[in-house]
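Student: Dropping the sequence and predicted coords here.
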Amino acid sequence: METHRSEDAAINIPAEAKANAKGTAPLVVSSKTVVQQPKRRTEKGIAICDFFLRLCAIGAVMGATITMGTNEEALPFFTQFFQFHAQYNDIPVFQFFVIANAIVTGYLLLSLPFSIICIIRPYARTPRLLLVIFDTVMTGLTITAASASASIVYLAHNGNPNTNWLAICQQFGDFCKNASGAVVGSFIAGAILMFITVLSAFTPKRS
């Protein structure tokens, strides 16, 4: 008798009602997943821009290094005891310019793999943090070398009557022209590095 009563007390639910109940289950969509996609695209776009800016900076700073490092000029006339010859290593500031820009060139070449990692993994924190730190240091080094050399180039073009420093660019025109071009290239590289640093610092972070 107890078995028959338990069977009668059971509630039979039709199969159609079960199917309808399953079909009307609420669909939960995480808003976090929807927001992550635009952020990821933004991060990747900034990383790609960073890579191409580094290539531009490499071209500018390498050109400045080669131009200054090969800069020399000898005048066609000379005396028995003296030859009029100008070379970059005659001026210590230009030597510092070549060394500093060579260091920056080497750093930028080594930074390219880290920049590629940031493209593949936009949320990688460690490579981006290392790039920001070293980019800041190299920006200061580049602008310092360019500024110091710019003062020497100015004196070479204009001289200084108060100290009886004569302008040499009237005689060594090609030497001064190459030095001026190298300084401009170094300033361009410094500006690009500064923009890269600001771009990396303001990159949106993963929440």
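Tutor: Great, that's in hand.

Student: so is residue 106 in a helix, a strand, or just coil?
Tutor: Following DSSP: H, G, I helix; E, B strand; the rest coil, residue 106 is assigned to helix.

Student: and it, how many neighbours?
Tutor: 14 (other C-beta atoms under 10 Å). Using the backbone N, CA and C atoms, a C-beta is placed for each residue, glycine as well.

Student: how near is it to residue 67?
Tutor: In this view, residue 106 and residue 67 are 17 Å apart by C-beta to C-beta, to the nearest Å.

Student: Equivalent analysis for residue 98, please.
Tutor: Residue 98 is 10 Å from residue 67, by C-beta to C-beta.

Student: nearest residue to residue 109 other than its sequence neighbours?
Tutor: Residue nearest to residue 109 in three dimensions, not counting chain neighbours: residue 58, with 6.5 Å by C-beta to C-beta, 6 or more residues apart in numbering.

Student: What helix or strand is that neighbour located in?
Tutor: Taking DSSP states H and E as the definition, residue 58 sits inside helix 31-69.

Student: which sections of the chain are below the confidence cut-off?
Tutor: 1-40, 76-84, 203-207 (pLDDT under 70).

Student: Now do the strands in it.
Tutor: Along the chain, the segments classed as strands by DSSP state E run 72-78, 83-87.

Student: ok so, going back, looking at it, the residue nearest to residue 109 is touching residue 106, isn't it?
Tutor: No - look at residue 58 against residue 106 with C-beta atoms under 8 Å: they stay out of range, at 10.0 Å.

Student: That's all I had, so thanks and see you.
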